[in-house]
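# just to be clear, the model below is a prediction. Sequence and coordinates:
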Amino acid sequence: MNQKLIIRLGGAAVAVFVLAYAASPLLAARSLVQAAKTGNEQALERQVDFPAFRASLKDELSARMVAEMREDDRLGGLSGLGMLLAPTLVSGAVDAFVTPQAIAVMVQEGQGPKPDQAKPEAGPKPQSKPESKKVRQSWGYRDLDTFAVTLTRDDQPDEQVSLLMKRRNLFGWKLAGIDLSAPE
């Protein structure tokens, strides 16, 4: 009798651990989205690994800029120079505008970051959004240590922003990356 109780308790403990392990990124992502929607800067600062997020954004924007330069025939021989300068231009801009406010706007609007988003708004933001700008969220694991919150606007279904939450310890998660690639 005593041995059966120990086995049941052990099984229950394992089940609770697995459930908490699997649900922890969902809880962290929901907390991040809620902090962004309410504009809670202190919560956003706790939930974002800013150096890692900036590095990820720099990589994404540099890659996008280089791809656009390769496709633009108007640049001619200047595209090589542009490709050399792209990382430097992107780096300075990203360092300047990746702030808690910019991340909040990204989540609220469902759009990739823009340099003018770093400036705080002068007045209160309207709470209601037009139906055409509704932001849809999808959630899912990319791997055991990466959880994505993908934001897609109804009026721009071909563009999406995936915020990448990275595991920081057994149950801890922080926003540490971004994926701006088009949906497949």
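Thanks, I have it.

# contacts and neighbour counts: CA atoms only from here.
Fine.

# the longest strand anywhere in the chain pairs with which strands?
Ranked by number of residues, the top strand in the chain under DSSP state E is strand 156-167. Applying DSSP bridges, strand 156-167 is found paired with strand 146-153 (antiparallel), strand 173-179 (antiparallel).

# by mean pLDDT, flag the weakest helix or strand of the protein.
Every helix and strand in the chain was compared by mean pLDDT, DSSP states H and E; the lowest is helix 78-97, with a mean of 67.

# what about the helices in the chain?
Secondary structure of the chain (DSSP state H): helices at 2-38, 41-47, 50-71, 78-97, 100-109.

# what number of residues lie near residue 6?
Per other Cα atoms under 10 Å, the neighbour tally for residue 6 reads 11.

# cool, the one 4 residues further on as well?
By the criterion of other Cα under 10 Å, residue 10 has 12 neighbours.

# tell me which residues touch it, please.
Contacts for residue 10 (Cα atoms under 8 Å, 6 or more residues apart in numbering) come out as none.

# re the thing from before, nearest to residue 35, out of the strands paired with strand 156-167?
strand 173-179 (12.4 Å; Cα to Cα).

# how far away is residue 38 from residue 28?
Distance of residue 38 to residue 28, computed by Cα to Cα, to the nearest Å: 15 Å.

# so which residue is dead centre in this structure?
residue 163 (1.8 Å; Cα atoms, centre = their mean).

# please tell me how far that residue sits from residue 47.
Taken as Cα to Cα, the span from residue 163 to residue 47 is 12 Å.

# which neighbours do these two have in common?
Common neighbours of residue 163 and residue 47 (Cα under 8 Å, 6+ apart) are residue 175.

# please consider this matter closed, and thank you.
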